[in-house]
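Asker: predicted model and sequence follow; I will ask about them next.
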Amino acid sequence: MIDIAGILAENIIYIVMITLGGMLISWSVHFVPVGGAPAAMAQATGIGTGTVQLAAGAGLTGLVTAGAVMNVSDSVALVVASGAVGAMIMIAVTMIIGTWVYVYGVGVPPASAKVDYDPITKDRQDLYVSQGTEGHGLPTVSYVSGVIGGALGGIGGAIIYYSLMSTSTTLAHSDLISLASIFAVGIFFVNAVIPSYNIGGTIEGFHDPKFKKWPKAVVASFVATVMCAFVGVMAIGGL
Amino acid sequence: MSAGGAGGEATGGIPQNNLIAVGAAGGLIAAYAGHFLTQGIGPAFAFIGALGAICAIVWGAAAVRRVASYGLGTGVPSIGMMALGMGVVASLFGLAVGGIAGPIVAFVAAAIIGLVIGVLANKVLGMGIPIMEQSMTEIAGAGALTIIGLSVAMTGTFMFDAVLETVVATGYIAVIFIAGGMGILHPFNANLGPDEQQDRTLTTAVEKGAIAMIIAGIVATVATGASAIPSIVIGIVIWYVAFRKYVEFVNRDAYKVIGTGLLPTEEELE
């Protein structure tokens, strides 16, 4: 049987870091403009797919970039920064292509129905919102919010991956990489779904009234991630 | 992104308790049977693990159907990805620390994680779905048993060293993740609506489970401990039977099925 207390004492810092990463992911999802099916039909603001798919895309890109940097450097700052940049690039590219599709393909101006004036550009929004819709496309504020969300999610994912990789273990390096990746992905999915239940599927960004609900999701993610971190560190540390 | 459904618990058909018994007992027994028969007799018996995964997938899909009928506010797929997210964490933990008790440890760990997340969803996030706690426990357990069952089919054992070497380190775990997740989330997502019927949804789950079984069989071609042909052949047979049954149910539940012919050609339109 494995020495639970010993592994815990040795790796307590990593359990704390994984939990922190999970909470960051949970918070980050609130920044990403998710529109779901209504946005796919240009009837709501945001990217036309669900939080989980977006979080998976951003998270996995962040994981890949963080993993690539971890091959050449042990610096936690570099790993976390590369994870953040990877996720930001993925989400920014998704949003710019989405905007082109909305503007040139669907033929709608990006406009938010949640605010009358864009908080960043101060452009008037309500004139451009089509009747019967909740806005459409990705206005500037949603775009900026999405990039911030990508950064936070990437940082969270990279912290989780770095902590799992740093857990003391006798595993071969290649096995450790695969195990840490799949644990990180599992924890990422759990923390992407919890906030999506909190916001009820769609959100425009940090100016959306639903954004104020984030503390609930972060608390829920804290509890859920502590458990996942415990089993993850136990599994890797016990080998 | 509305989840559809009537905004209440889905009813009808096989009682959920029977499905829990089939999924939990079937999944665990098949994991152990696959392991011991493969070790004792030969690698041809690895396919039994995938049969357990199909039981678990049907159970998971039934639980998703029940809870998603309330309307999750977000897509049905999210709950399936969550199932596999919880399942992969719990099952790798269970196999890593449990040894011969691995599947049971994994199942219990998954159930605990699922229960806590269910409680959080209702008490903290305020989702207000009365069966959320139970359903999350079921879905997480089904996710873990799906991963273990497919791992047994791929490697012939649930011993962690073999699973790590053949399934995790090679990246096939990602295939299990998506194929198993599809099996759990897709049936209700594909069939939801006012005419949703339990037998049709669960037949879709069997069909998706059979596809996962075929994929596990293909992966087993590169594994030493498992034999690929039984998994692939039995998987194809199950898929064919389930798909035929599914088409039958679609025809039964549809108001009318008629052939409209091909689109008219340009000449015919003139």
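Answerer: Good, I have the coordinates.
Asker: what's the helix or strand for the nearest residue to residue B:109 once chain neighbours are set aside?
Answerer: Of all residues beyond its chain neighbours, the one nearest residue B:109 is residue B:90 (4.1 Å), with distances taken as Cβ to Cβ, 6 or more residues apart in numbering or on different chains. Quick note: C-beta positions are derived from backbone N, CA and C, even for glycine. Using DSSP states H and E, residue B:90 maps to helix B:76-98.
Asker: avg pLDDT for that helix?
Answerer: Averaging pLDDT along helix B:76-98 yields 88.
Asker: what's the spatially most central residue of chain B sitting at in phi/psi?
Answerer: Most central in chain B under Cα atoms, centre = their mean is residue B:57, positioned 2.4 Å from the mean C-alpha point. Dihedral angles phi and psi of residue B:57 (degrees, to the nearest 10) take the values phi -60, psi -40.
Asker: stretch A:80-93: how far from the chain's middle?
Answerer: Between the centre of stretch A:80-93 and the centre of its chain there are 10 Å (Cα atoms, centre = their mean, to the nearest Å).
Asker: actually stretch A:76-87, not the one I wrote
Answerer: Offset of stretch A:76-87 from its chain centre (Cα atoms, centre = their mean): 13 Å.
Asker: show me where chain A dips below the pLDDT cut-off.
Answerer: Applying pLDDT under 70 to the predicted model, the residue ranges of chain A that meet it are A:1-2.
Asker: quick check: next helix or strand after the strand or helix carrying residue A:7?
Answerer: Under DSSP H and E, the secondary-structure element containing residue A:7 is helix A:4-29. Using DSSP H and E, the helix or strand that follows helix A:4-29 towards the C-terminus is helix A:36-40.
Asker: mind exporting the C-alpha coordinates of that following helix to PDB?
Answerer: Provided in PDB are the C-alpha atoms of helix A:36-40 (Å, rounded to 0.1, in the frame of the first residue of the first chain):
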ATOM      1  CA  GLY A  36     -23.500  28.400 -28.100                       C
ATOM      2  CA  ALA A  37     -26.100  27.600 -30.800                       C
ATOM      3  CA  PRO A  38     -27.800  31.000 -30.800                       C
ATOM      4  CA  ALA A  39     -24.400  32.700 -31.600                       C
ATOM      5  CA  ALA A  40     -23.900  30.100 -34.400                       C
END
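Asker: show me where chain A has its strands.
Answerer: Counting by DSSP state E, residue ranges of the strands within chain A are A:111-112, A:135-136.
Asker: which residues touch the residue nearest the centre of chain A?
Answerer: With distances taken as Cα atoms, centre = their mean, the residue of chain A nearest its centroid is residue A:153 (3.4 Å). Contact analysis of residue A:153 by Cβ atoms under 8 Å, 6 or more residues apart in numbering or on different chains lists A:24, A:25, A:28, A:29, A:32, A:55, A:58, A:59, A:62, A:87, A:91.
Asker: so how many other residues sit close to residue 214?
Answerer: I'll assume chain A. By the measure other Cβ atoms under 10 Å in any protein chain shown, the count of residues near residue A:214 is 20.
Asker: chain B is the one I meant
Answerer: Residue B:214 has 21 nearby residues by other Cβ under 10 Å.
Asker: with adjacent residues omitted, what lies nearest to it?
Answerer: Closest residue to residue B:214 in three dimensions, ignoring its sequence neighbours and counting by Cβ to Cβ, 6+ apart: residue B:235, at 3.9 Å.
Asker: then residue B:27?
Answerer: With Cβ to Cβ, 6+ apart as the measure, residue B:145 is the residue that lies nearest to residue B:27, at 3.4 Å, once sequence neighbours are left out.
Asker: the one you found against residue B:50, yeah?
Answerer: No: assessed by Cβ atoms under 8 Å, residue B:145 is found out of contact with residue B:50, at 11.6 Å.
Asker: and those two? Which one has more around it.
Answerer: Neighbour tally, residue B:145 and residue B:50, criterion other Cβ under 10 Å: the higher count belongs to residue B:50, 34 against 31.
Asker: does that one sit in a helix, a strand or a coil?
Answerer: helix (DSSP: H, G, I helix; E, B strand; the rest coil).
Asker: quick revisit: from residue B:24, how far out is the residue nearest to the centre of chain B?
Answerer: Taking Cβ to Cβ, to the nearest Å as the measure, residue B:57 and residue B:24 are separated by 13 Å.
Asker: ok, of the contacts of residue A:153, which one's closest to chain B?
Answerer: For those, the closest approach to chain B (Cβ to the nearest Cβ) belongs to residue A:55, at 9.3 Å.
Asker: for the stretch 101-250 of chain B, which residues are neighbours of chain A?
Answerer: Contact residues (Cβ under 8 Å from any Cβ of the partner chain) of the stretch 101-250 of chain B with chain A: B:109, B:112-113, B:116-117, B:120-121, B:124-127, B:160, B:164-165, B:168-171, B:173-174, B:177.
Asker: chain neighbours aside, what residue packs nearest to residue A:198?
Answerer: Across the structure, with Cβ to Cβ, 6+ apart as the measure, the residue nearest residue A:198 apart from its sequence neighbours is residue A:217 (3.9 Å).
Asker: mind giving me the packing neighbours of the helix holding residue B:90?
Answerer: helix A:51-70, helix A:173-199, helix A:214-237, helix B:47-68, helix B:102-123, helix B:132-155, helix B:160-163, helix B:172-191 (3 or more Cβ pairs under 8 Å, 6 or more residues apart in numbering or on different chains; DSSP states H and E).
Asker: list the contacts for residue B:26?
Answerer: When the contact criterion is Cβ under 8 Å, 6+ apart, the partners of residue B:26 are B:51, B:52, B:55, B:56, B:59.
Asker: what residues are up against residue B:77?
Answerer: When contacts are counted by Cβ under 8 Å, 6+ apart, residue B:77 touches A:50, A:52, A:53, B:185, B:186, B:189.
Asker: repeat the analysis, applying 6 Å as the threshold.
Answerer: residue B:185 (Cβ atoms under 6 Å, 6 or more residues apart in numbering or on different chains).
Asker: out of the helices and strands in chain B, which is least certain?
Answerer: Within chain B, no helix or strand scores below helix B:266-269, which has a mean of 80 by mean pLDDT, DSSP states H and E.
Asker: how far does it sit from its chain's centre?
Answerer: Averaging C-alpha positions (Cα atoms, centre = their mean) puts helix B:266-269 47 Å from its chain's average.
Asker: hang on, the earlier thing: so what does the helix holding residue A:7 touch, helix or strand wise?
Answerer: Helix A:4-29 sits against helix A:140-166, helix A:173-199, helix A:214-237, with contacts defined as 3 or more Cβ pairs under 6 Å, 6 or more residues apart in numbering or on different chains; DSSP states H and E.
Asker: for the helix holding residue B:90, list the C-alpha coordinates in PDB.
Answerer: Output for helix B:76-98, consisting of C-alpha atoms alone and laid out as PDB, is shown next (Å, rounded to 0.1, in the frame of the first residue of the first chain):
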ATOM      1  CA  VAL B  76     -25.800  18.000 -23.200                       C
ATOM      2  CA  PRO B  77     -22.200  17.300 -24.300                       C
ATOM      3  CA  SER B  78     -20.800  19.200 -21.300                       C
ATOM      4  CA  ILE B  79     -22.000  16.500 -18.900                       C
ATOM      5  CA  GLY B  80     -20.500  13.800 -21.000                       C
ATOM      6  CA  MET B  81     -17.100  15.500 -21.100                       C
ATOM      7  CA  MET B  82     -17.400  16.100 -17.300                       C
ATOM      8  CA  ALA B  83     -18.100  12.300 -16.900                       C
ATOM      9  CA  LEU B  84     -14.900  11.400 -18.700                       C
ATOM     10  CA  GLY B  85     -13.000  14.200 -17.000                       C
ATOM     11  CA  MET B  86     -13.900  12.800 -13.600                       C
ATOM     12  CA  GLY B  87     -13.700   9.300 -14.900                       C
ATOM     13  CA  VAL B  88     -10.100   9.600 -16.200                       C
ATOM     14  CA  VAL B  89      -8.800  11.100 -13.000                       C
ATOM     15  CA  ALA B  90     -10.500   8.500 -10.800                       C
ATOM     16  CA  SER B  91      -9.700   5.500 -13.000                       C
ATOM     17  CA  LEU B  92      -6.000   6.200 -13.400                       C
ATOM     18  CA  PHE B  93      -5.800   6.900  -9.600                       C
ATOM     19  CA  GLY B  94      -7.600   3.600  -8.900                       C
ATOM     20  CA  LEU B  95      -5.500   1.500 -11.200                       C
ATOM     21  CA  ALA B  96      -2.300   3.200 -10.000                       C
ATOM     22  CA  VAL B  97      -2.800   2.600  -6.300                       C
ATOM     23  CA  GLY B  98      -5.300  -0.300  -6.200                       C
END
